[in-house]
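Student: A structural model of the following input is requested.
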Amino acid sequence: MLEKTINLPIIFHFHQPVDNVEWVYEDVFKKSYEPLIDRISQFSELKVTLHFSGNLLDWLLRNKPGFIDKIRIMAKRGQIEIIGGGYYEPIFAIIPYRDRIAQIKKLTNLIYNEFNLEVKGAWLSERVWEPDYPSFLSDTGLKYVIVDDNHLRATGITEQDTFYSYVTEDEGKTLRIFSINEELRYLTPWKPTYMSIDYLRKSADVEGDRCVLFLSDAEKMGVWGITYQICYVEGLGHQEGDNGKPFISAFFEQIMNNRWIKSITLTEYMNNFSAKSLIYLPTASYDKMEEWVLPTEIRNNFKRIRKGLKEVHNTETYQFLKGGFWRNFLIKYPESNNMHKKMLYVRNKLINVEKNLVKIEENLVSIILKKIDEAWDEVYKSQSNDCYWHGFFGGVYLQFLRFSVYTHLINAEKIVDSINALINPKLKSYIYITPIDFTKDSKTEYIIESDLLNIYIDPNDGGTIFELDYKPKSYNLLNTMTRWPEAYHESKHIDSREVLVDRYRRSLLRLRFLHDDVSFEQIQADRYFEFGDFIDNSFNVTSSEKEGRLAILEMEKNGTIKDTDSNERIPIRINKDIYVEDNEIEIIMRINFEETPEKEEILNRIIKNLNLALDIPFFFNGEPNDFKWETNQLDFQDEKSKILVEPFQYTGSHFKAYDETYDLHLEIDITSNSDSIKINKFPIIAYAFTVDGHKKIFQGINITPLFKLNKNLEFHLKIAIF
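Tutor: Reported below is the predicted structural model:
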């Protein structure tokens, strides 16, 4: 009787976001990377496939030569295969073709140069797949790709049919498809190893061509929760069957001791067995990702339906339950879209420089080509996927990851500036205004750019500023994150009183009309009645011009304000004029009521009872409790009051904050014909889910000057950055 066998490719994925903090690298290396590779090397007959993000591999090469040597030894003896992908782990779907090819080749070359291994397979960040992938992956010489079994189930394939490889194509270019097994993914390392072995035994057959692919994040084996104890110390919870033996060693021993389990790399499998059939996959990611991307208001409904189908074992229906499309994270979070469109905008600047190379003096070409390479690498770093989405990990809510994206993109812009100045020294200092559909929503935004500042203005969202870059420090001071409502905010494990959410994006110059009995706490929580229709409606741009070093953008909107005692509304015109020169921005606002005799009583009531509030959010990167602030109108009596993140309210017109880490100052001065200006200062704290559970995450500071209304209110806001 023929023995049943099963092929078991084992893959471990090693990843850290670009510019993650140093102590995280060291901690993860100690708890996961080092012990995992050490255990693999002890089982020389065990075949394992590894994937490393390029930036992590760079760090390991610089800091852990012994670790790298161990991998080289395993590579030389044929024990391991290393697969490639995008160097900085981009989502291929949202970066241009040229960048996809460049990132893949960069990682492929590094692996070959360091380990003498040819790269055959591709890792897909977050397993995001789109139907055009086979063509560009094939163009780089890659032969296979790993997807989630969720991708295959969406085509109508059964679980047993996922135990094979398939082939797909785009433009006639073919690619082998391997799917990750969900059951093994959820069993390890949480359950005793015999449960994984039992599953493999049930999956085996006498033909010997079945393949159950086991894949895990390396961090899952040592960093998540108590997994270090489970995997390497005492096999916590694994008394049954493993006698308390650490999971990793026990699992590898089981594989080696059960000879019907064939340890194999994916390239070996591909060389030994042909694909089962041709297949075409829909756009997909893993099932949780397709849930996370859904709009908040329907995500809980989707989760409930999915859970219900699982509980009643309705696999026929569950198989076709389809969630959202990954790209919609760019819709769900405007901050993600902002970073993505900034990346596209900056890379277009770089392409324009390349187009002009033919006009450059020969003696400058080599210098400029080197600078262009440096700029492209900055762009590639900005494409690291981690901060463009949000789910189980902090993602876009992790402020230091957003800071990294903007830093690299502004660095690339500065390199472009330096190239332009080399070609034409007059461009060393410049300023200009560009009307552009920056967000790609068919509406026009305006960008004021100089050698010192970038100011991104959206007339269509209340005439607000949504990005403010101080280029000498490569620092976006509007890298704030709005406190968006999330589906998990309704969890019974969360005190809803602690969760503050915003109704509108936290952008500069957003105007609010609120009753004068609204408290500081209500302003901070964004829980008040809005009387105006200016907060997120469109302003008309009436003028945009440049005079020497000065750029001017003028906007206007005619709207209405609601009466406090009735549904009557009073006409009002608001002008916002923005002046940018050197490192200073001046905003002049004029609020003019249209006086009509028959509505004079209503107008007087509005002026008496309403205030105008202005949002001035800003972001500092680093430890929030280290940020300080001051004003020349107060004498602080205690140190706590000087801490920037502490909520504070005062009557005044001056504010100054300092980021010591980056030696960056932000100073605000206000002059007005209002009888009173009251400044409210509070931190923007988002309640977000992370790998460590629900956390309050600092997203910036909001300064909200409050003006008492009059019939022709005018104020000047000056912002200086230095």
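Student: going forward, measure contacts between C-alpha atoms and count neighbours the same way
Tutor: Will do.
Student: which stretches of this structure have low pLDDT?
Tutor: Within the chain, the stretches with pLDDT under 70 are 236-239.
Student: try 80
Tutor: Along the chain, segments meeting pLDDT under 80 span 1, 235-241, 310, 313-320, 492-493, 496, 637.
Student: domain assignment for it?
Tutor: Following automatic domain parsing, one gets these domains for the chain: 6-285, 333-386+397-428, 487-721.
Student: I'd like to know which of those domains is closest to P472.
Tutor: Closest approach to P472 among the domains of the chain is made by domain 333-386+397-428 (8.6 Å; Cα to Cα).
Student: Buried residues of the longest helix along the chain, list them for me.
Tutor: Ranked by residue count and defined by DSSP state H, the top helix of the chain is helix 399-423. The neighbour-count check on helix 399-423 (16 or more other Cα atoms under 10 Å) flags 399-420, 422-423 as buried.
Student: next one: stretch 540-549
Tutor: Neighbour-count burial for stretch 540-549, counted by 16+ other Cα under 10 Å, picks out 540-541, 544.
Student: which residues in the stretch 201-350 of the chain form helices?
Tutor: Along the stretch 201-350 of the chain, the segments classed as helices by DSSP state H, counting those that start in this stretch run 227-228, 239-242, 247-257, 266-272, 287-292, 296-311, 315-318, 329-332, 334-355.
Student: tell me the SS of F136?
Tutor: Recorded secondary structure, F136: helix (DSSP: H, G, I helix; E, B strand; the rest coil).
Student: which ones are touching it?
Tutor: F136 is in contact with 97, 100-101, counting by Cα atoms under 8 Å, 6 or more residues apart in numbering.
Student: quick one: the longest strand along the chain to helix 399-423, angle?
Tutor: Taking DSSP state E as the criterion, the chain has its longest strand at strand 693-708. Interaxial angle, strand 693-708 versus helix 399-423 (axes from the mean of the first three to the mean of the last three Cα atoms, to 10 degrees): 70 degrees.
Student: Export strand 693-708 to CSV, keeping only CA atoms.
Tutor: Included here for strand 693-708 are C-alpha records, laid out as CSV according to Å, rounded to 0.1, in the frame of the first residue of the first chain:
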residue,chain,number,x,y,z
GLY,A,693,-4.1,46.5,22.2
HIS,A,694,-6.1,49.7,22.3
LYS,A,695,-3.8,52.7,22.9
LYS,A,696,-4.1,56.5,23.1
ILE,A,697,-1.7,57.8,20.4
PHE,A,698,-0.5,61.5,20.2
GLN,A,699,-1.4,63.0,16.8
GLY,A,700,-0.6,66.6,17.3
ILE,A,701,-1.7,69.8,19.0
ASN,A,702,-4.7,71.9,18.2
ILE,A,703,-4.6,75.6,18.9
THR,A,704,-8.1,77.1,18.7
PRO,A,705,-8.4,80.9,19.0
LEU,A,706,-11.9,81.9,19.9
PHE,A,707,-13.1,85.3,18.6
LYS,A,708,-16.1,87.3,19.8
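Student: still on that earlier bit, out of the helices of the stretch 201-350 of the chain, nearest to N609?
Tutor: Nearest of the helices of the stretch 201-350 of the chain (Cα to Cα): helix 334-355, 33.8 Å.
Student: Let me see the residues that make contact with the next helix or strand along the chain from the closest one.
Tutor: Toward the C-terminus, helix 334-355 is succeeded by helix 362-382 as the next helix or strand (DSSP states H and E). With Cα under 8 Å, 6+ apart as the test, helix 362-382 has contacts from 18, 88, 99, 103, 343, 346-347, 350, 354, 357, 404-406, 408-409, 411-413, 415-416, 419, 422.
Student: cool, and stretch 441-454?
Tutor: For stretch 441-454, the external contacting residues (Cα under 8 Å, 6+ apart) are 417, 428-439, 455-460, 467-472, 551, 580, 582-583.
Student: what's the burial count for E171?
Tutor: Applying other Cα atoms under 10 Å, we find 9 residues neighbouring E171.
Student: From Y88, how far out is the closest residue in space to it that isn't next to it in sequence?
Tutor: Leaving out its chain neighbours, the residue that sits closest to E171 by Cα to Cα, 6 or more residues apart in numbering is S135, at 6.3 Å. As judged by Cα to Cα, to the nearest Å, S135 and Y88 stand 21 Å apart.
Student: Neighbour count for these two, which is higher?
Tutor: Y88 (28 against 17).
Student: out of everything not next to it in sequence, what's closest to the more buried one?
Tutor: Once flanking residues are discounted, Y88 sits nearest to S384: 5.2 Å by Cα to Cα, 6+ apart.
Student: isn't T317 right up against K310?
Tutor: No - contact criterion Cα atoms under 8 Å: T317 and K310 do not qualify, at 9.6 Å.
Student: so how many other residues sit close to F513?
Tutor: Counted with other Cα under 10 Å, F513 comes out at 24.
Student: As JSON lines, the domains of the chain with distance to L294 would be great.
Tutor: Shown next, in JSON lines, are the domains of the chain (distance: least, Cα to Cα, whole Å):
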{"stretch": "domain 6-285", "distance to L294": "13"}
{"stretch": "domain 333-386+397-428", "distance to L294": "11"}
{"stretch": "domain 487-721", "distance to L294": "10"}
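Student: one step back: could you say what helices and strands the longest helix of the chain packs with?
Tutor: helix 334-355, helix 362-382, strand 475-476 (3 or more Cα pairs under 8 Å, 6 or more residues apart in numbering; DSSP states H and E).
Student: Pick the most deeply packed of the ones you listed.
Tutor: Of all the helices and strands packed on helix 399-423, strand 475-476 carries the top mean neighbour count, a mean of 26, counting by mean count of other Cα atoms under 10 Å.
Student: List the contacts of that one.
Tutor: 403, 406-407, 410, 467-470, 619.
Student: How far off centre is the helix or strand that contains D27?
Tutor: In the assignment (DSSP H and E), D27 maps to helix 22-28. On the basis of Cα atoms, centre = their mean, to the nearest Å, helix 22-28 sits 20 Å off its chain's mean C-alpha point.
Student: Next, K628: phi, psi?
Tutor: phi -120, psi 160 (degrees, to the nearest 10).
Student: Return the alpha-carbon coordinates of the host helix or strand of Y650 using CSV.
Tutor: In the assignment (DSSP H and E), Y650 maps to strand 648-651. Extracted C-alpha coordinates of strand 648-651, given in CSV (Å, rounded to 0.1, in the frame of the first residue of the first chain):
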residue,chain,number,x,y,z
PHE,A,648,-4.8,74.9,28.5
GLN,A,649,-7.0,78.0,28.0
TYR,A,650,-6.0,81.6,28.2
THR,A,651,-6.9,85.1,27.0
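Student: other SSEs contacting it?
Tutor: Judged by 3+ Cα pairs under 8 Å, 6+ apart, the packing partners of strand 648-651 are strand 677-690.
Student: For stretch 276-293, report the contacting residues that lie outside it.
Tutor: Contacts of stretch 276-293 (Cα under 8 Å, 6+ apart): 126-131, 147-152, 154-155, 164-169, 299, 302-303, 322-326, 328-329, 332, 389-391.
Student: mind listing what the residue minimising distance to the centre of the chain touches?
Tutor: Nearest to the mean C-alpha position of the chain, by Cα atoms, centre = their mean, lies C387 at 1.6 Å. Counting by Cα under 8 Å, 6+ apart, C387 touches 336, 395-398, 401-402.
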